[in-house]
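*Asks:* Structural data only, the sequence is not supplied:
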């Protein structure tokens, strides 16, 4: 099931996407207007949506609505250098690649919609990073790897937009990863049952139609279960938290010479079985 948040000129609401149509949950008699609220309602609510959708009308065409960020997560966590060739890129730039998982926060105020503009802000070194994001379904604390996927509600696309000149102002990288609008996500949340193997998905990024990144999640250094186990050892992962699982090689800063994003550039991020998000640099 593809669950989206959208505006059809009458305010933000949730809907379910089928093909090129979207059906508002309120038209199915489902009151939830917040994705986290919907997730917390449990699998019974999803079953109810599926049953009512079969009897629903046509809904609206996707082209007639504005898709919004599916949710504002409680925490937005991202892992660095989690594809081997991307780690190799980092080494070539003189960045030390640690043996342990390297995590940083993106402040949740950076979240923006799947087709919203990217505002550069003060950075002069604006970069892109296509990533598979996962949404936590039920709270996870001290979860073992064999139970980790029990806590995943679904998946979405993340563009971990990065201000490279601000990224290392502090060792946490938070400043350069958290500018407003530097967290486009979406275009919807695909529930976990529709992604048989999230570690076998093609991941691609294009800038003005030029393919910059082209990899597969099978190349993770640290798999999803290992990520959830590691994070939940330290703190509780809460319903609605987003974990962004890393980007492959091909980022602009590592090109020779570097190719940073400029005003008017269009960044398209695609992941198999999920779809695409596309954002223009303002």
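*Replies:* Ah, there it is. Source: prediction; values computed, not measured.
*Asks:* drop to CA atoms for contacts and neighbour counts, all remaining ones
*Replies:* Fine.
*Asks:* can you map out the helices along the stretch 151-282 of the chain?
*Replies:* Chain-ordered helices for the stretch 151-282 of the chain, with DSSP state H, counting those that start in this stretch as the definition, fall at 164-167, 174-177, 224-234.
*Asks:* deepest of these, which one?
*Replies:* Between these, helix 174-177 has the highest mean count of neighbours, a mean of 21, where neighbours are mean count of other CA atoms under 10 Å.
*Asks:* Can you pull out the residues in contact with that one?
*Replies:* By CA atoms under 8 Å, 6 or more residues apart in numbering, the surrounding residues in contact with helix 174-177 are 104-107, 160-169.
*Asks:* can you check stretch 81-92 too?
*Replies:* Counting contacts by CA under 8 Å, 6+ apart, the residues outside stretch 81-92 that touch it are 96-97, 102, 219-222, 245-250, 254.
*Asks:* For stretch 43-58, buried residues please.
*Replies:* Of all the residues in stretch 43-58, those buried under the rule 16 or more other CA atoms under 10 Å are 46, 49, 52, 53.
*Asks:* Can you pick out the most distant pair from the contacts of stretch 81-92?
*Replies:* Longest distance between any two of those is 21.8 Å, between 222 and 254; criterion CA to CA.
*Asks:* Report how many residues lie close to residue 138.
*Replies:* A count of nearby residues for residue 138, using other CA atoms under 10 Å, gives 18.
*Asks:* pLDDT value on it, please?
*Replies:* Note on residue 138: pLDDT of 97.
*Asks:* Please apply the same query to residue 89.
*Replies:* On the pLDDT scale, residue 89 is placed at 86.
*Asks:* Please settle this for me: is it part of a helix?
*Replies:* Yes. Counting by DSSP: H, G, I helix; E, B strand; the rest coil, residue 89 is located in a helix.
*Asks:* give me the beta-bridge partners of residue 131?
*Replies:* Note on residue 131: beta-bridge partners by DSSP bridges are residue 158.
*Asks:* Now do the contacts for it.
*Replies:* Each residue near residue 131 by CA under 8 Å, 6+ apart is listed here: 157, 158, 159, 160, 203, 244, 245, 246, 247, 248.
*Asks:* mind running it again at 10 Å?
*Replies:* Residue 131 makes contact with 78-79, 156-160, 185, 203-205, 217, 243-248, 269-271, according to CA atoms under 10 Å, 6 or more residues apart in numbering.
*Asks:* Please apply the same query to residue 213.
*Replies:* Applying CA under 10 Å, 6+ apart, the residues near residue 213 are 128-130, 203-207, 247-252, 269-270.
*Asks:* and if you look at residue 189?
*Replies:* Residue 189 neighbours (CA under 10 Å, 6+ apart): 1-5, 16-17, 35, 69-71, 133-135, 153-157, 274.
*Asks:* distance of it from residue 68?
*Replies:* Using CA to CA, to the nearest Å, one obtains 11 Å as the distance from residue 189 to residue 68.
*Asks:* related to what we said a few turns ago, need the helices of the stretch 151-282 of the chain in JSON lines with distance to residue 263, can you?
*Replies:* Supplementary listing: the helices of the stretch 151-282 of the chain in JSON lines, determined by distance: least, CA to CA, whole Å:
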{"stretch": "helix 164-167", "distance to residue 263": "16"}
{"stretch": "helix 174-177", "distance to residue 263": "18"}
{"stretch": "helix 224-234", "distance to residue 263": "35"}
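*Asks:* can you pull out the strands in the stretch 151-282 of the chain?
*Replies:* For the stretch 151-282 of the chain, the strands defined by DSSP state E, counting those that start in this stretch occupy 152-159, 162-163, 183-191, 202-207, 210-216, 242-244, 266-271, 275-280.
*Asks:* So which of the ones you listed is nearest residue 119?
*Replies:* For these, distance to residue 119 was read as CA to CA. The smallest value, 8.8 Å, belongs to strand 275-280.
*Asks:* quick one: buried residues of the closest one?
*Replies:* If you call a residue buried by 16+ other CA under 10 Å, then strand 275-280 has these buried ones: 276, 277, 278, 279, 280.
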